[in-house]
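Enquirer: Output the structure for:
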Amino acid sequence: MSPPVAPPGWSRWLVPPAALSVHLSIGQAYAWSVFKPPLESALGLSGTQSALPFQLGIVMLGLSAAFGGTLVERNGPRWAMTVALVCFSSGFLISALGAAVEQYWLIVLGYGFIGGIGLGIGYISPVSTLIKWFPDRPGMATGIAIMGFGGGALIASPWSAQMLESFGADSSGIALAFLVHGLAYAVFMSLGVLLVRVPRTEKPVESGPAVFDGVQVSARSAIRTPQFWCLWLVLCMNVTAGIGILEKAAPMITDFFADSSTPVSITAAAGFVALLSAANMAGRIGWSSTSDLIGRKNIYRVYLGVGAVMYLLIALFGDSSKPLFIICALVILSFYGGGFATVPAYLKDLFGTYQVGAIHGRLLTAWSTAGVLGPLIVNWIADRQEEAGKHGASLYGLSFFIMIGLLVVGFVANELVRPVHARHHIPAPREATADVVQRQQPESA
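Expert: Predicted structure coming up:
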């Protein structure tokens, strides 16, 4: 499937909606918790078991993005969006079959493994195309698309809950809800497949990086640079800190104020989760657009430095003030989303646009690591503290100080980022030609 080239007069502002149609769909992953209680009740699962499809999906997201990034660059955004559509939608259909016959391994296989591949390929599918359409505002462009991934749960959560209420929360109702998800997302993602275009000035990747200006580094060379691994650490630490709150948000705010005169109700805790999702989504477009003005390195100083301060305030004073707890958590989640949306533009600044999608895919293995590390830190420590007889905010104090330490590590890694050494650059053909001509000239006497 060759990349569709934009006809004369094509508006570049049609490309972000194409990307959004994919990202809003695969952003359903953040609404998986809606299905956890019904699955546990219908199939007799534990909380750990019911989380497995989501965890496997995030792991497969990072792995498929890493291994499929070069294919996405070579075959173009339409091919990538088609693969994402097929994998993500068929994952739901296989899960529907698994729920219908009460075989949980089919749900893990469908949603976690196959759907996770759709998550990874779909996530990186529009990135390099958007950067090429918006070289003047790469942070804003990628922020618009990646905002959809953060905001997908705002649509999927109430929609899924309503379906389960209408169809029933037993295995047949869950199966029908999965079936509707698979078919509806296939139709919606098709809009992106049909709408996406690449700029007319773009040539096939095989023609080399001469079609782009400035420093260009291949994906193979990029992973050999210290800059790539510094950014890997930056993203991993930022995501670990954000997902540590996001994954346990509702029970966390309930525990923090359980002993206060105004405990948090289940409804209020659900509202808090919705607020965090909104902050996650807003941060993806707001902070990434700000990075176009103040620079990528400076915005990550904000994410990591101010994020550490927010965690410190929660650890020290969070249980004494609900507004303080909520504001700090919202800021942390806005930085979590902003970090995702800004990193493609940071990669473009360092490595150029030649294979930025493939480089981005490899970097997302940091997300897979953080997706396991963040929840593990918060949940394991909370369990150990509860076994020791502690309760309330004291369940999370140690976790928060660990998060502060991780953010400091990320801050230092960001400070170590420097321009990529010239030995990693791909020379433009015109430069190579000039060198050959110069060598062919006779030496002067």
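
Enquirer: what sits against Val108?
Expert: Contacts of Val108 were listed using CB atoms under 8 Å, 6 or more residues apart in numbering, and they are Leu52, Pro53, Leu56, Gly98. Glycine gets a C-beta too; all of them are placed from N, C-alpha and C.

Enquirer: Apply 10 Å and report the result again.
Expert: Contacts here follow CB atoms under 10 Å, 6 or more residues apart in numbering; on that basis Val108 touches Gln49, Leu52, Pro53, Gln55, Leu56, Gly57, Ile94, Ser95, Gly98.

Enquirer: hang on, Pro263 in a helix?
Expert: No: under DSSP: H, G, I helix; E, B strand; the rest coil, Pro263 sits outside any helix and is assigned coil.

Enquirer: ok, it - contacts?
Expert: Pro263 makes contact with Thr254, Asp255, Phe256, Phe257 under the criterion CB under 10 Å, 6+ apart.

Enquirer: Look up phi and psi at it.
Expert: Note on Pro263: backbone dihedrals following degrees, to the nearest 10 are phi -60, psi 160.

Enquirer: Quick one: the helices in the stretch 1-150 of the chain, in order.
Expert: Assigned by DSSP state H, counting those that start in this stretch, the helices in the stretch 1-150 of the chain fall at 15-26, 36-43, 47-75, 77-100, 104-107, 115-124, 127-133, 138-167.

Enquirer: Need the winner for burial among these.
Expert: With neighbours taken as mean count of other CB atoms under 10 Å, those reach their highest mean count in helix 115-124, at a mean of 29.

Enquirer: Give the rounded mean pLDDT of that one.
Expert: Averaged over helix 115-124, pLDDT sits at 93.

Enquirer: so it versus helix 138-167, what angle?
Expert: 150 degrees (axes from the mean of the first three to the mean of the last three CA atoms, to 10 degrees).

Enquirer: and helix 115-124, what other elements does it pack with?
Expert: helix 15-26, helix 47-75, helix 77-100, helix 138-167, helix 171-195, helix 356-363, helix 365-387 (3 or more CB pairs under 10 Å, 6 or more residues apart in numbering; DSSP states H and E).

Enquirer: need the contact list for Gly116.
Expert: Applying CB under 10 Å, 6+ apart, the residues near Gly116 are 26, 29, 53-64, 87-88, 91, 110, 368.

Enquirer: And it, how far from Gly91?
Expert: Per CB to CB, to the nearest Å, Gly116 is found 8 Å from Gly91.

Enquirer: quick one on the thing from earlier: dump the helices and strands packed on helix 115-124 to JSON lines, plus mean pLDDT and distance to Gly295.
Expert: As requested, these are exported to JSON lines (pLDDT from 0 to 100; distance: least, CB to CB, whole Å):
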{"stretch": "helix 15-26", "mean pLDDT": "92", "distance to Gly295": "22"}
{"stretch": "helix 47-75", "mean pLDDT": "85", "distance to Gly295": "25"}
{"stretch": "helix 77-100", "mean pLDDT": "96", "distance to Gly295": "27"}
{"stretch": "helix 138-167", "mean pLDDT": "84", "distance to Gly295": "10"}
{"stretch": "helix 171-195", "mean pLDDT": "95", "distance to Gly295": "30"}
{"stretch": "helix 356-363", "mean pLDDT": "89", "distance to Gly295": "17"}
{"stretch": "helix 365-387", "mean pLDDT": "85", "distance to Gly295": "21"}
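
Enquirer: how about those helices in JSON lines, adding distance to Thr342?
Expert: JSON lines is the format used below for the helices and strands packed on helix 115-124 (distance: least, CB to CB, whole Å):
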{"stretch": "helix 15-26", "distance to Thr342": "15"}
{"stretch": "helix 47-75", "distance to Thr342": "17"}
{"stretch": "helix 77-100", "distance to Thr342": "20"}
{"stretch": "helix 138-167", "distance to Thr342": "6"}
{"stretch": "helix 171-195", "distance to Thr342": "22"}
{"stretch": "helix 356-363", "distance to Thr342": "12"}
{"stretch": "helix 365-387", "distance to Thr342": "14"}
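
Enquirer: Which one, of these, ends up nearest to Ala249?
Expert: Closest to Ala249 of the helices and strands packed on helix 115-124 is helix 365-387 (CB to CB; 10.3 Å).

Enquirer: May I see the buried residues of whichever helix or strand comes after that closest one?
Expert: Per DSSP states H and E, the first helix or strand lying C-terminal to helix 365-387 is helix 397-415. Residues 397-400, 402-404, 406-407, 409-411, 413-414 are the ones in helix 397-415 that count as buried (16 or more other CB atoms under 10 Å).

Enquirer: now, which of the residues you listed sits nearest Trp232?
Expert: Comparing those against Trp232 with CB to CB places Ala413 closest, at 8.3 Å.

Enquirer: rewinding a little: dump the helices of the stretch 1-150 of the chain to a markdown table, plus distance to Val378.
Expert: Listed next are the helices of the stretch 1-150 of the chain as a markdown table, based on distance: least, CB to CB, whole Å:
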| stretch | distance to Val378 |
| --- | --- |
| helix 15-26 | 25 |
| helix 36-43 | 17 |
| helix 47-75 | 13 |
| helix 77-100 | 27 |
| helix 104-107 | 25 |
| helix 115-124 | 22 |
| helix 127-133 | 29 |
| helix 138-167 | 19 |
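
Enquirer: Give me the phi and psi for Val198.
Expert: phi -110, psi 160.

Enquirer: Across the sheet, point out what pairs with it.
Expert: In this entry, Val198 is beta-bridged to Val5, by DSSP bridges.
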